[in-house]
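S.K.: quick one: sequence and predicted model below, then my questions.
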Amino acid sequence: MGVVGTALAESRPVVSPLAGEPIKKTDAEKLAGVLKALADPARLRLLSLIQSAPEGEACVCDLTEPIGLSQPTVSHHLRILTEAGLLEREKRGVWAYYRLVPSAISTVAELLTPPKRRRRGR
C-alpha cells in the first residue's frame, strides 16, 4: 500500500495543516511525498487520462501516445503514482493496467481543505 493508503488511512486522521492544529513531522513528511508525486504535469495528465478512460482504467500501452512520452518514462511516472498510493496496478499478461485509488485523491483534498467554522452570532 502506498503513502496515501498507509499514511492517510492507517494513521488517520492525519491532522489537516489547515485545521488549526500543527501537523506532526512524520505526517507532514508522508503528505509531502504524496504532494510531490502529484506535483508533476505528466503525472497529473496520467491521472486525468486514467480517470477519464471508459473503464476507469488504462494500460501503459494506451497512455504513451496521448502523454507524448516513451513507454519507460510513462511506466516510471506510473510507478511513482502507485508507490504514493494514488493508483492501483494490475498485471494482465505482459501489460499493466492502472486505476485510481478511489479514496486517495479525496483524502488528499480533505487534508488540504480547512474545516467549516461556525460563525459567531453578531
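M.R.: Thanks, I have the structure now.
S.K.: show me what contacts the most centrally placed residue in the chain?
M.R.: For the chain, Leu86 is the residue whose C-alpha lies nearest the centre (C-alpha atoms, centre = their mean; 3.1 Å). Taking C-beta atoms under 8 Å, 6 or more residues apart in numbering, we find Leu86 in contact with 2, 4, 34, 37-38, 47, 100-101, 104-105. Any C-beta I mention is one placed from the backbone N, CA and C, and that applies to glycine too.
S.K.: again, only using 10 Å
M.R.: Residues in contact with Leu86 (C-beta atoms under 10 Å, 6 or more residues apart in numbering) are 2-5, 34, 37-38, 43, 46-47, 50, 78, 80, 98, 100-101, 104-105, 107-108.
S.K.: out of the residues you listed, which are buried?
M.R.: Neighbour counting with 16 or more other C-beta atoms under 10 Å marks 2-5, 34, 37-38, 43, 46-47, 50, 78, 80, 98, 100-101, 104-105, 107-108 as buried within these.
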